[in-house]
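*Asks:* What follows is a predicted protein model with its sequence.
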Amino acid sequence: MSGSAELTVQQVATSVTVSPAVFTLRTIGDSTLFTAEARDANNNPLQPQPVFTWQSSLPSVATMGDSGWAIAAGEGTTQITASGGGTSGAATLNVSLTAVIRWASATDGNWSDPTKWDPQFVPVASDNVVIDVAGTYTVTLDGTASVKSLTIGGTIGGGTTGTQMLVASDLVEVNLTVDETLMIDSTGFLRTHDVELTTGVLNNRGIWEVAGGETSFFVGDVGAAHTNSGSIYVSTAMVLTMEDATFTNTGLLEVEDNVDVYQYGDGSPSFVNSGTGNIAVWDGVYLTFSGGTFDFVTTPTSAYGGQIIFDGVYVNFTPDYATDGLQMQFWNSEVNGPGQITHNNWVDDLYFYNSVINAPVTNQAELRVQGNTTINGVLTTAPGSWLIVEGAEQREEHLYDFAELTVTSGLTNNAVIQLTNAHATTAKPAQLNVTGGPLTNASGALIDVQAGAAGGDRGIDAELDNQGTWHIEVPAMTATGGPFSNAGDLDGTGTLDVSSTTFSSTGRIEPGAVGAAGVFNMTGDVVMQSAGSDHVLMIDIGGTGAGDYDQLNVSGVATLSGVIDAYQLNGFVPSPGDEFTIMTFSSRVGSFSTTTVNIGGVTLNVVTDATSVKLVAPSP
């Protein structure tokens, strides 16, 4: 006899397991998926699983969706509960917006590898990141990263040994943003490659190397105070932008490729070189500062052959500075003392473009001036040096249509002052003004007025005292501002306009130059005063044709006295009856004391009439 029965076993949920048991979200809006599983008293999963409802104990920290998704809403810790089958289970969710994340061990690795960090998270924008575990290793920044703060390396003597390196990969595009402070400590080393580095504050005590590739960028926070007491090496083109920030250099800044530093803002953006700060710019390289202030509390000492360009900068020299340490150019800038600028570098010229120089300047090499430049400090031109005031050529984005130098403390020239034009095809004017005292051209010195490649007006506005040589090779040079006294040599083939001043000469006037015939014109009145037996008028004669002998033409009244001295050119011997008109004027007062001269063994008579002076060979 047999029978059957049906037995139904119903599972009853006694527990719910939520996975993961603990999880951390790092940013607002970030999310993760929780799952739940119900089990019976024998720890067997329920078949089928119940439908779960989800709840966050603190919705201000995280909110929940029906499917188990948790979304970070704010910093803190919340319990995530899953309910189903008459029971529930929970997990812990942390929303940590700010954490200290350290490199875990002294081994190489990639930034993007969470297992290399402690705790094991890839740093995010809210994290304070520290790479300072003792040892020598390299962390490769293998993608764009953004953190709250970043410390690379530790303090020597503070327990950190070796070198801790953060190196940007050259295989992928890398940008690094540090919201607050980037600290490269004593044992730290940062190498960036084609990187845009943005940071609130840079504090470098170690080494920052900007290496290879295309242009790199550094963007500082508004109002930040950046410091470098370590070493910064730049071997690729770089742009630094700082708004209302200060950058204090007491370490080494070495530049091997062109670097542009832009300082701007409504505050007082500045770069300060102080303490043991040194700036080394390699030969053929330019370090350009635009805007703001540059304070030389101490001056650089490295002589690598490169140049600093200041464009629209207030430059302040506390100590004296010599350009054999580092050459400089000043564009649209104001330069202040009390330190003195000594230009003693013959390899590269010192340039003043459209600037105001309030510091004393000693020129021992070649100083060039373009645009409207004023030197309010004492200007000293040492023997052998050149001061060149030149109509402009293109300088980067600047094109000055003229050159005008104003010296406000008087000027004694002991060297060469040249007025010229550097533009190849367009006439450009050049003007020298001297106030606060006379312009004295000392014995042995030269004022050289040249047309340059394309000519242009030339002028000097000053009380003029020429004791040296004054050479004019332009169609027109104008002298204004005060009496013009010539006790030296005045020569050339151009035109000197003295109609707005008074001109007197106790020295020598020589049309052309020594050993070369020429015509020299003077507009205005001319007073030639005898000084004993000095030769007042020097004449070269090399033939009877136009341009073969010297001639001085005065448009106004000529006051004549002193000696005429005549020289033979090219073996020329006058023939009987030859005449040479060596000077013309509208009228005259007096006569030269010379009555005859000798050219090639032939005696020529000095014949003076109402409007000219001639040398005449007697007829047979």
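*Replies:* All right, it came through fine.

*Asks:* Mind listing the strands the helix or strand bottoming out on mean pLDDT in the chain pairs with, and their directions?
*Replies:* Here the helix or strand of the chain ranked lowest by mean pLDDT, DSSP states H and E is strand 216-220, holding a mean of 82. According to DSSP bridges, strand 216-220 has the following sheet partners: strand 195-204 (parallel), strand 238-243 (parallel).

*Asks:* Using CSV, write out every CA atom in the first one.
*Replies:* What follows is strand 195-204, C-alpha atoms only, in CSV (Å, rounded to 0.1, in the frame of the first residue of the first chain):
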residue,chain,number,x,y,z
VAL,A,195,52.4,71.0,-19.6
GLU,A,196,50.0,73.7,-18.5
LEU,A,197,50.7,74.1,-14.8
THR,A,198,48.2,76.1,-12.8
THR,A,199,48.7,76.6,-9.1
GLY,A,200,47.6,78.9,-6.4
VAL,A,201,51.0,79.3,-4.9
LEU,A,202,54.4,78.0,-6.1
ASN,A,203,57.0,77.4,-3.4
ASN,A,204,60.1,75.8,-4.8
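
*Asks:* before we move on, the earlier item: reformat the strands paired with strand 216-220 as a markdown table; add mean pLDDT, mean neighbour count and distance to Glu473.
*Replies:* For every residue, glycine as well, the C-beta is placed using N, CA and C. Converted to a markdown table, the strands paired with strand 216-220 look like this (pLDDT from 0 to 100; neighbours: other Cβ atoms under 10 Å; distance: least, Cβ to Cβ, whole Å):
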| stretch | mean pLDDT | mean neighbour count | distance to Glu473 |
| --- | --- | --- | --- |
| strand 195-204 | 90 | 21 | 54 |
| strand 238-243 | 90 | 20 | 44 |
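
*Asks:* Dump those to a markdown table, plus distance to Asp127.
*Replies:* Putting the strands paired with strand 216-220 into a markdown table (distance: least, Cβ to Cβ, whole Å) gives the following:
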| stretch | distance to Asp127 |
| --- | --- |
| strand 195-204 | 14 |
| strand 238-243 | 25 |
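
*Asks:* For Gly275, find the nearest of those.
*Replies:* Of all those, strand 195-204 sits nearest to Gly275, with 14.1 Å by Cβ to Cβ.

*Asks:* Go ahead and name everything in contact with that closest one.
*Replies:* Residues outside strand 195-204 that contact it (Cβ atoms under 8 Å, 6 or more residues apart in numbering) are 168, 174-184, 216-221, 224-232, 247, 251.

*Asks:* for the helix or strand following that strand, what is the average pLDDT?
*Replies:* Using DSSP states H and E, the next helix or strand after strand 195-204 towards the C-terminus is strand 207-210. Averaging pLDDT along strand 207-210 yields 94.

*Asks:* Give the residue spans of the stretch 101-250 of the chain that score low on pLDDT.
*Replies:* Scanning the stretch 101-250 of the chain for pLDDT under 70 picks out 156-159, 213.

*Asks:* ugh, wrong one, the stretch 301-450 of the chain
*Replies:* Ranges of the stretch 301-450 of the chain meeting pLDDT under 70: 302-303, 393-400.

*Asks:* how far does stretch 240-248 sit from the chain's center?
*Replies:* Stretch 240-248 has its C-alpha centroid displaced from the chain centroid by 15 Å (Cα atoms, centre = their mean, to the nearest Å).

*Asks:* How far does it stretch from one end to the other?
*Replies:* End-to-end span of stretch 240-248 (Cα to Cα, to the nearest Å): 14 Å.

*Asks:* Show residues contacting it.
*Replies:* The contact list for stretch 240-248, computed with Cβ under 8 Å, 6+ apart, reads 202, 217-228, 259-272, 274, 277, 292.

*Asks:* Whichever of the residues you listed end up buried, select them in ChimeraX.
*Replies:* Buried residues within these, by 16 or more other Cβ atoms under 10 Å, are selected in ChimeraX with:
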select :202,217,218,220,221,224,226,227,228,259,260,261,262,263,269,270,271,272,277,292
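
*Asks:* The contacts of stretch 240-248 in strands, which ones?
*Replies:* Of those, the ones assigned to strands by DSSP state E are 202, 217-220, 225-228, 259-264, 270-272.

*Asks:* Name the nearest residue to Asn344, ignoring sequence neighbours.
*Replies:* In space, and not counting its chain neighbours, Asn344 is closest to Gln364: 4.3 Å by Cβ to Cβ, 6 or more residues apart in numbering.
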